[in-house]
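S.K.: Give me a model of this one.
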Amino acid sequence: MQDPDVVFRALADPTRRSVLDRLREHTGQTLGELCEPLQMARQSATQHIDLLEAANLVSTVRQGREKLHYLNPIPIWEIHERWIEKFERPRVRALRAIKHRAEETTMADRPNYVYVTYIEASAERVWEALTDARLTAEYWGHSNVSDWKPESPWEHQRVDGSGVADVVGTVLEAEPPRRLAMTFDTPGVTPPEGPSKVTFTIEAYERIVKLTVTHENFTDDSSEAISAGWPAVCANLKSLLETGHVLPTPPWEMHDQLRAAQMAANDRRAGRR
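M.R.: Here you go, the predicted structure:
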């Protein structure tokens with residue numbers, strides 16, 4: 001969990017809250033776009049944005065020459081889980097709205113969903129965990145199978161011995177140990193807007209890495225599964241690399257009905273019972 005003191009300090013300032021509100025309404029903004037409406041010098045505005053990024057409330061992704069900023073609702077959601085959910089079982093509508101809005105794209109050719117986590121491991125170890133079929137089976141519940149060369153196919157195979165793949169795609173980029181990108185779609189489904197794309201960016205810093213997962217061009221009916229799935233997978237990956245063990249309960253079991261429905265739909269498409 002992100003240090004709540006850091007999160008609360010970041011949220012305490014009205015200027016920083018206004019930045020988060022603007023990202024909630026219009027995600028994926030450049031530094032210039034964020035600074036433009038703020039009535040202060042660019043250097044002062046940049047300091048506010050840096051504090052939000054340090055609190056993990058804002059994540060960034062480089063796209064060409066631009067650095068795009070995205071609202072990361074996870075620290076707010078963790079505060080909700082710690083102090084609110086115990087007393088109010090239904091999810092707080094305001095937080096859910098922030099989460100939902102943060103995952104939507106309103107600007108063409110920009111990522112739909114961005115998730116950031118920090119892991120105490122080497123970049124090489126994180127790359128291995130993303131591309132080794134045995135390791136992915138351990139923390140993801142599926143084996144990612146490929147030779148991981150650009151233009152090669154890859155499959156997200158079940159670990160029940162059936163060899164059934166619930167996600168398939170093509171490797172688009174493979175730059176070990178820094179960047180991996182591939183298409184990411186249901187077998188037999190051709191999205192009308194083109195394939196979905198997932199990119200893993202691994203940035204090493206001393207003894208830790210920053211892992212950014214960017215999921216682009218997915219359909220509206222996939223948003224719930226994506227917003228639930230990536231945090232669960234990354235949490236289990238982080239636990240495995242830092243402790244040698246996955247979490248005691250697979251985190252996706254919290255969304256078991258959603259996961260089962262997706263797999264059943266894949267079986268129906270393939271004519272399996």
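S.K.: Break the chain into its domains for me.
M.R.: The chain breaks down into these domains under automatic domain parsing: 4-108, 114-269.
S.K.: residues in contact with stretch 30-37?
M.R.: 19, 22, 23, 42, 45, 46, 49, 66, 67, 68, 69 (C-beta atoms under 8 Å, 6 or more residues apart in numbering). From N, CA and C alone the C-beta is placed, and that goes for glycine too.
S.K.: who wins for most neighbours among these?
M.R.: Within those, neighbour counts (other C-beta atoms under 10 Å) peak at residue 19, which reaches 26 neighbours.
S.K.: Contacts only, for that one.
M.R.: 34, 38, 48, 49, 52, 58.
S.K.: try residue 29
M.R.: 22, 23, 68, 69.
S.K.: which secondary element of the protein has the worst mean pLDDT?
M.R.: Between all helices and strands in the chain, the lowest mean by mean pLDDT, DSSP states H and E belongs to helix 93-102, at a mean of 52.
S.K.: mean confidence score for the helix or strand that it is followed by?
M.R.: Where DSSP states H and E defines the elements, the next helix or strand beyond helix 93-102 is strand 113-119. The pLDDT scores in strand 113-119 average 92.
S.K.: contacting residues around strand 113-119?
M.R.: Residues outside strand 113-119 that contact it (C-beta under 8 Å, 6+ apart): 56, 59, 61, 70, 72, 74, 103, 126, 208-216, 218, 223, 226-227, 230-231, 234-235, 237-238, 241-242.
S.K.: Mind checking what helix or strand follows it in sequence?
M.R.: Going down the chain from strand 113-119, the next helix or strand is helix 123-131, by DSSP H and E.
S.K.: list the helices and strands that following helix packs on?
M.R.: Under the contact criterion of 3 or more C-beta pairs under 8 Å, 6 or more residues apart in numbering; DSSP states H and E, helix 123-131 touches helix 133-140, strand 179-183, strand 197-205, strand 208-216, helix 223-243.
S.K.: Output the contacts of stretch 30-37 in JSON lines, with secondary structure and pLDDT appended to each entry.
M.R.: Below are the contacts of stretch 30-37 laid out as JSON lines (DSSP: H, G, I helix; E, B strand; the rest coil; pLDDT from 0 to 100):
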{"residue": "19", "secondary structure": "helix", "pLDDT": "91"}
{"residue": "22", "secondary structure": "helix", "pLDDT": "88"}
{"residue": "23", "secondary structure": "helix", "pLDDT": "89"}
{"residue": "42", "secondary structure": "helix", "pLDDT": "84"}
{"residue": "45", "secondary structure": "helix", "pLDDT": "86"}
{"residue": "46", "secondary structure": "helix", "pLDDT": "89"}
{"residue": "49", "secondary structure": "helix", "pLDDT": "92"}
{"residue": "66", "secondary structure": "strand", "pLDDT": "85"}
{"residue": "67", "secondary structure": "strand", "pLDDT": "87"}
{"residue": "68", "secondary structure": "strand", "pLDDT": "90"}
{"residue": "69", "secondary structure": "strand", "pLDDT": "90"}
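S.K.: Tell me the one among the residues you listed nearest to residue 199.
M.R.: Nearest to residue 199 among the contacts of stretch 30-37 is residue 68, at 12.8 Å by C-beta to C-beta.
S.K.: Is that closest one bridged to anything, and to what?
M.R.: residue 61 (DSSP bridges).
S.K.: Hmm, residue 61 and it touching each other?
M.R.: Yes: between residue 68 and residue 61 there is a contact under C-beta atoms under 8 Å: 5.3 Å.
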